[in-house]
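> Quick one, fold the following:
(one chain, ligands or ions: 2)
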Amino acid sequence: MLETQSIEYEKAVLIGIINHQQNEEKSKEYLDELEFLTFTAGGQVVKRFQQKLDVPNPKTFIGTGKIEEIREFIKVHEIGSAIFDDELSPAQQKNIEKILKCKVVDRTYLILDIFAQRAKTSYARTQVELAQYEYLLPRLTGLWTHLERQRGGIGMRGPGETEIETDRRIVRDKISLLKKKLKTIDKQMAVQRGNRGSLIRVSLIGYTNVGKSTLMNVISKSKVFAENKLFATLDTTVRKVVIRNLPFLLTDTVGFIRKLPTQLVESFKSTLDEVREADLLLHVVDISHKNFEEHISSVNGILEDIKAQDKPTIMVFNKIDSYQAEPLDEDDLSTEKTSAHFSLEEWKNTWMNKLGDNVLFISATEKENMEDFKRKVYEAVRKIHITRFPYNNFLYPEYDQNFEEL
Ligand SMILES: Nc1nc2c(ncn2[C@@H]2O[C@H](COP(=O)(O)OP(=O)(O)OP(=O)(O)O)[C@@H](O)[C@H]2O)c(=O)[nH]1
Ligand SMILES: [Mg+2]
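Ligands and ions are numbered 1, 2, ... in the order given. As a prediction, the model looks like this:
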């Protein structure tokens, strides 16, 4: 595996830009997320740099003056990594590395690094490794050291070949090997999914850190790893759950994130197959997060990418216990009321209202409104079940019907 521990316990600086797509406020929020990612990867953010920039510098991404300022800071404070919120081109990365003389990491690389740290099963590790090599291939020129371990075998360097060509060949070979390995596992996984029989499949999906695994634990009384870091879950967990007398399969999946590296979407294909093949999606949202609406759009975007956007979906707004509207005094006439000031009740009357019945407000940790959760999920699963197996109709009465009466 490549450099999985590379940025652990390192001091880091963050670099983001402000432009017409992201104003100062947005840029700050993105850097907040980048800081959380850095923390998850084991880094400690010492300072943030922002620059107003509509067109990135093709050579160094940010401007010359700014980069000089950062170089000075890095030298004085012994910074290990400079982390950019945007994806850098291979050339930019190389040029910046030359100037800053420290590791230059972009958002994609950081996410790949976290995935590499967190991958536990050989399946997840293979998927991450493939994504890492695909990221690496076009960047080989600047990243000699990455290959030190792989190179060096006797006869690895053919006569007349430059080192880079050799490295490229090694990486390409590695990529095709990993792809083959994944294909075999994918087939096994597809068979496994097929063997699960006629049970309705429900998938927990959503942005990272919204509480999917916590909810899974509450519903299925199982222990799935949950923690306050990003991408706690990389492997899919499937549990059989029974509400009343109605059994179904519940899957916990990897969390999504804004600008999820395409290499990862590609190589996590079969983890995402689980979502693609689900009968019902429970889209979990952390309503206490300031950017929850943007999180929803990111998730919907990825659902479209994997062609799973039209599935029956229940929106599950989680963490209502820690939801806090920004205070606004009634006699304060100068502050414009925005959605940040909405109470939960006010939120329910926004676009959420249009979701009709397919919406829930819960707290997984406080077990609030869990009865509501069970009722809605039961009804939705039942609906799918009786369409698929009409002759079984009598088995599952409506949730509110008294069982003894049957
Ligand atoms: N306040 C509050 N915190 C919650 C609630 N549900 C989950 N959390 C916390 O949110 C954090 C993330 O929870 P996880 O269950 O790991 O989230 P996840 O969606 O599985 O995250 P990934 O696997 O990283 O995608 C943990 O610290 C949980 O304790 C809730 O209802 N209220
Ligand atoms: Mg999880």
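> Show me which residues of the host helix or strand of Ala12 are buried.
Secondary-structure assignment from DSSP states H and E places Ala12 in strand 10-18. By 16 or more other CB atoms under 10 Å, the buried positions in strand 10-18 come out as Glu10, Lys11, Ala12, Val13, Leu14, Ile15, Gly16, Ile17, Ile18. The way it works is simple: take the backbone N, C-alpha and C, and place the C-beta from them, glycine included.
> One more: stretch 72-90?
Those would be 73-74, 79-88, 90, for stretch 72-90 by 16+ other CB under 10 Å.
> any low-confidence regions in this protein?
Residues of the chain meeting the criterion pLDDT under 70: 1-8, 141-164, 196, 222-227, 232-234, 270, 392-394, 401-406.
> Please enumerate the strands of the stretch 101-250 of the chain.
Counting by DSSP state E, counting those that start in this stretch, one finds strands in the stretch 101-250 of the chain at the ranges 103-106, 201-206, 237-243, 246-252.
> do you know how far the residue most central in space within the chain is from Lys103?
Central residue of the chain (CA atoms, centre = their mean): Phe256, 2.7 Å from the mean position. Separation of Phe256 from Lys103 (CB to CB, to the nearest Å): 26 Å.
> repeat for Asn300
34 Å.
> What of Ala124?
Ala124 sits 24 Å away from Lys103, going by CB to CB.
> if you count what's nearby, which of those two comes out ahead?
Counted by other CB atoms under 10 Å, Ala124 and Lys103 do not tie: Ala124 has more neighbours, with 21 against 17.
> Quick check, that one in contact with Asp235.
Yes - using CB atoms under 8 Å, Ala124 is in contact with Asp235, at 5.2 Å.
> rewinding a little: just send the buried residues of stretch 72-90 back as JSON lines, with distance to ligand 2 too.
Shown next, in JSON lines, are the buried residues of stretch 72-90 (distance: CB to the ion, whole Å):
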{"residue": "Phe73", "distance to ligand 2": "36"}
{"residue": "Ile74", "distance to ligand 2": "34"}
{"residue": "Ile79", "distance to ligand 2": "31"}
{"residue": "Gly80", "distance to ligand 2": "28"}
{"residue": "Ser81", "distance to ligand 2": "26"}
{"residue": "Ala82", "distance to ligand 2": "29"}
{"residue": "Ile83", "distance to ligand 2": "24"}
{"residue": "Phe84", "distance to ligand 2": "27"}
{"residue": "Asp85", "distance to ligand 2": "24"}
{"residue": "Asp86", "distance to ligand 2": "26"}
{"residue": "Glu87", "distance to ligand 2": "25"}
{"residue": "Leu88", "distance to ligand 2": "29"}
{"residue": "Pro90", "distance to ligand 2": "32"}
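> Closest one to Thr60 out of those residues, please.
The closest of the buried residues of stretch 72-90 to Thr60 turns out to be Leu88 (CB to CB; 9.4 Å).
> For that closest one, give me its contacts.
Shown in contact with Leu88 (CB atoms under 8 Å, 6 or more residues apart in numbering): Phe61, Ile96, Val104, Asp106.
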